[in-house]
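>>> Mind folding the following:
(chains A and B)
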Protein chains: 2
Amino acid sequence: MDFEHQYHAYKALVDQYLADAVQETKPRSLYKPLTYVLSGGGKRIRPILVLLASEAVGGKAAEAIHAGAGIEILHNFTLVHDDIMDNANSRRGRATVHTRWDGNVAILVGDELLALAYRILLRTESPRIKDITSVFTEGVVEVCEGQAYDKEFEDRSNVSVDEYLLMIRKKTGKMVAVATEIGAIIGNGSPAEVAALKNYGELVGRAFQVQDDLLDVVGDEKQFGKMIGGDLREGKKTFLLLEALKRARGKDGLLLKGLVKNGGASKKMIGEFRRIFETSGAIGAAETRIRSDIDEAKQQLGLLKQSPAREMLFWFTDMLLHRTY
Amino acid sequence: MDFEHQYHAYKALVDQYLADAVQETKPRSLYKPLTYVLSGGGKRIRPILVLLASEAVGGKAAEAIHAGAGIEILHNFTLVHDDIMDNANSRRGRATVHTRWDGNVAILVGDELLALAYRILLRTESPRIKDITSVFTEGVVEVCEGQAYDKEFEDRSNVSVDEYLLMIRKKTGKMVAVATEIGAIIGNGSPAEVAALKNYGELVGRAFQVQDDLLDVVGDEKQFGKMIGGDLREGKKTFLLLEALKRARGKDGLLLKGLVKNGGASKKMIGEFRRIFETSGAIGAAETRIRSDIDEAKQQLGLLKQSPAREMLFWFTDMLLHRTY
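Here you go, the predicted model:
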C-alpha cells in the first residue's frame, strides 16, 4: 500500500472536516480570526494518529474523525495562546492572531477553540465517551502545566535535563499520547492495546521534540522551514543546551554559562556553539535518545496485531522523525 | 425551613469543595495564582442553583456538587480572562491575576481553570454524562460569543436594545441556564422539568444583568459594593443607556449621543444622566423588564412539583433580585 498517498488522503479529510466544522459567522470579531486559524494548515499529525490508532485496534476511521478534529482544534488553541505568551509574530508563514488582530482577540479565539474542540470531540459515538473526554481533559491540564514550566524555565539558570524532559512530556508528548490513546479507545481496543498506543504516543512525542531541538542546530534551513540557530539566538533551554551545560568543561563550559546569563547568543557565535554541542557529546546524546525512544515506540506497536494501519504507523513514525535530515 | 441558613450551608459546602479540588502545587507559577482565584469567594450563585435544580426534580445535592463546582470554576475562568480584556485591576476587593502577576500568567491560569472545570464536571456519576458535558460545552461557546459581542459593542455607536439583550443572554444568562439545566439533568428530571429549569435560569440570568445595570444608576454604593455611576463614567452600553438613547429627544438626546461619542461622562454629569434615565422612561423600562422576567421565571418554577428545593428556588430568586434596594 502507498502510505504517502494514504497520508495525504487522511490529511485532506481532516482539512475538509475542519473547514466544515464551524458554521457560525457572528460575532465576526470572533469567528473571522477563528476560521483563519483553522484554515492555516499544518501537518495534521495528531488527527491522523487518532485515525490510525483507532484502525490499528480494529476501529473505523469514520468513527474517529470527530475526536481527531477535536484534538487538532485543541492543538490550535495551544498555539494561539502560546504565541501571545511567546510574543511570536508568525506561524506557518502567516501573521499570528494577536499580531494580525490583537491580544484580546487572540485570548478569546483561543478560549472558543477550546470550547469547539470539546463540542466536536463530543460528536463521537462511543459507549466510552466519558473515558475519552477525561483523557482529553487531562491532556489540556498537562499542556497548561507544560507551558507554565516552559515559561518558568526562561527565568531560571539551573534547569536540569530531567526537568526539561518533564516539561516536554507535558507540553508536547502528552497531546500525542492523548491522540493515540483516544484513537485506541474509540476503536474499542483492549486495555493492553490502549496502553501500548498511549506509550507509543508519549515516546514519539518526546522524540519529536528532542529532534526539533536538534534540527535547530544541525538542520537544513530550507527543509526545516525555520531559521537555524533560532533557539541559540534566544538562549532557549533546549535538550542540547542543557546536555551541553552538564557535559562541557573549561572554556566551553564558561561560554555556555555566558549564553544562559546573556539570554542568547550573537549570530557569529552560532557556529562556535554548534561545535561545543558536537564536542561535548550533547548532539550524540540527543541522537541516542531519539533513536532509543523511536525503537521503544516501535516495540509498543509490535504489541499490536498485524494490520495495514499498524504498518502505516511504523511508516508514519519514520516519516515524522526523518522529516529533514 | 430557614432558607438563609440553608444557603450559607450550601455556600460553605461549595467553598470547601473548591478548596479541596486542586491538589497540585507545581508548577508554582500556575497553581499559586489559580488557588488564589478559587479562594476569592463570591456568592456561589451558580453552584447553588445546580444543587437546588437537582433537588427540585428529586435528585440529591451530593450527586450534583461536582457539576456545581465545575460551573463555578468555569465562571472563574471567564472572570480571569475578561479582567485581562477589560483592563480590570480589582475584583472582589483583591487585585486581579494579570495585575498581581502578569497577563501571560492570567491567560494560562484561565486556560487551566477551564480544563479543571471539565475535570471536576466529569466526576459526576450519571448515565446522562454526555448530555451534561454537551450542555456545559455549549455554555462555554456562548459565553465566548457574548464576550466578543460585548467588546464589539464598545467600538460601535449604534447598538440596539435587542442586540444588547442577545449579548447578555450569551454572556450572563446562558451560564445561569447551564447551571439549572445541568442540575435538572443530574437529578434525572423529565424533559419538561429540564426545560422549565433551563428557562428559569435564562430569565433569572437576564433579570440579574439588567438589574446590575440599574444598580449602577440607582443603587446604594455601600450595599452594591461597587462605585455607583461606574458604567456611565466608562460610557458602557448598558440596557439603560440604550433604552434612553431610543427614548430621549431634544437636548437630552444630544447629551446621550455626546456620552457615547466621548466614551464616557464626567463625574459632575452623573446626576444629569440619572435624571435623563428617569425622565426618558429608561429606568421604568428596566424595572418592568426585570419584574416580567422574574414573574415568568417563577411561572417556570410553578411547573415543577412542590418541594422544599422548589420553595427555596422561589426564595433564592427574590434574594438575588433584591440584593441591594
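
>>> contacting residues for residue A:187?
Going by CB atoms under 8 Å, 6 or more residues apart in numbering or on different chains, residue A:187 touches A:53-60, A:63-64. To be clear about C-beta, it is placed using only N, CA and C from the backbone, and glycine gets the same treatment.

>>> Any idea how many residues pack against residue A:124?
Counted with other CB atoms under 10 Å in any protein chain shown, residues neighbouring residue A:124 total 22.

>>> now do residue A:319
Residue A:319 has 15 neighbours, counted by other CB under 10 Å.

>>> ok, now how distant is the residue of the stretch 151-300 of chain A found nearest chain B from residue A:167?
Proximity of the stretch 151-300 of chain A to chain B (CB to the nearest CB) peaks at residue A:152, 5.1 Å away. Going from residue A:152 to residue A:167 by CB to CB, to the nearest Å gives 9 Å.

>>> out of these two, which sits in the busier spot?
residue A:167 (24 against 17).

>>> Tell me if stretch A:126-145 is near chain B.
Yes. Looking at stretch A:126-145 against chain B by CB under 8 Å from any CB of the partner chain, the contacts come from A:129-130, A:133-134, A:137-138, A:140-141, A:144-145.

>>> Neighbour count and secondary structure for the residues you listed - can I get that in CSV?
Formatted as CSV, the residues of stretch A:126-145 next to chain B follow (neighbours: other CB atoms under 10 Å in any protein chain shown; DSSP: H, G, I helix; E, B strand; the rest coil):
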residue, neighbour count, secondary structure
A:129, 19, helix
A:130, 16, helix
A:133, 25, helix
A:134, 15, helix
A:137, 23, helix
A:138, 17, helix
A:140, 25, helix
A:141, 20, helix
A:144, 27, helix
A:145, 24, helix
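
>>> After the worst-scoring helix or strand of chain A on mean pLDDT, which helix or strand is next? Please name it.
When each helix and strand of chain A is scored by mean pLDDT, DSSP states H and E, helix A:221-224 comes last, with a mean of 60. Downstream of helix A:221-224, the first helix or strand assigned by DSSP states H and E is helix A:230-234.

>>> other SSEs contacting that following helix?
Helix A:230-234 sits against helix A:191-218, helix A:270-279, with contacts defined as 3 or more CB pairs under 8 Å, 6 or more residues apart in numbering or on different chains; DSSP states H and E.

>>> re earlier: of the contacts of residue A:187, which is the most crowded?
Comparing the contacts of residue A:187 by number of neighbours (other CB under 10 Å), residue A:53 comes first, having 34 neighbours.

>>> So it is in contact with residue A:179, correct?
Yes. Using CB atoms under 8 Å, residue A:53 is in contact with residue A:179, at 7.1 Å.

>>> Show me whatever sits in contact with both of the two.
Here residue A:53 and residue A:179 have residue A:201 as joint contacts, going by CB under 8 Å, 6+ apart.

>>> Would you mind naming what in the stretch 1-150 of chain A lies close to chain B?
Residues of the stretch 1-150 of chain A lying close to chain B by CB under 8 Å from any CB are A:24, A:27-30, A:81, A:84-85, A:103-104, A:107-108, A:110-112, A:114-116, A:118-119, A:122, A:129-130, A:133-134, A:137-138, A:140-141, A:144-145, A:147-149.

>>> What about these, which are in helices?
A:28-30, A:81, A:84-85, A:103-104, A:107-108, A:110-112, A:114-116, A:118-119, A:129-130, A:133-134, A:137-138, A:140-141, A:144-145, A:147-149 (DSSP state H).

>>> In chain A, where is pLDDT below threshold?
For chain A, applying pLDDT under 70 flags the ranges A:1, A:220-227, A:323-325.

>>> so the closest residue to residue A:114 other than its chain neighbours, which of the three states?
Of all residues not flanking residue A:114 in the chain, residue A:77 sits nearest, at 4.5 Å (CB to CB, 6 or more residues apart in numbering or on different chains). With DSSP: H, G, I helix; E, B strand; the rest coil as the basis, residue A:77 sits in helix.

>>> Give me the neighbour count for residue A:77.
Residues lying near residue A:77 (other CB under 10 Å) number 24.

>>> Kindly report the same for residue A:50.
Neighbour count of residue A:50, defined by other CB under 10 Å: 32.

>>> secondary structure element for it?
Residue A:50 belongs to helix A:45-56 when assigned by DSSP H and E.

>>> show me the residues around residue A:194 that make contact.
Counting by CB under 8 Å, 6+ apart, residue A:194 makes contact with A:57, A:181, A:184-185.
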